[in-house]
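Student: sequence first, then the predicted structure:
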Amino acid sequence: MKLPFFDVKHSKMERRFKEELKIQINKALEQRERLERLPMSLLSFQDKTILVWLNQTRIF
């Protein structure tokens, strides 16, 4: 026998979990797109490689 309040609480938790999962997936997809984009410029400075995108810079 299931209690009605348990079903309601469980469905709210499940809905919240699914929403949070969608948010995390979207963030991961956005990050992947940013990383796959080619840099606007590539610079070398003292054995370091500097990659410059529109919204970020990475030094390797």
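Tutor: Done, it's in. Residues are numbered from 1 along each chain as shown.
Student: let me know the pLDDT of Leu43.
Tutor: Model confidence at Leu43, given as pLDDT, is 74.
Student: where does the closest residue to it other than its chain neighbours land in three-state SS?
Tutor: Using CB to CB, 6 or more residues apart in numbering and skipping residues adjacent in sequence, the residue nearest Leu43 is Ile50, 4.2 Å away. (Each C-beta comes from the backbone N, C-alpha and C, glycine too.) Following DSSP: H, G, I helix; E, B strand; the rest coil, Ile50 is assigned to strand.
Student: show me the beta-bridge partners of Ile50.
Tutor: Following DSSP bridges, Ile50 is listed with bridge partners Leu43, Ile59.
Student: so it sits against Gln56, correct?
Tutor: No - counting by CB atoms under 8 Å, Ile50 stays clear of Gln56, with 11.4 Å between them.
Student: pLDDT-wise, which helix or strand of this structure ranks last?
Tutor: strand 57-59 (a mean of 71; mean pLDDT, DSSP states H and E).
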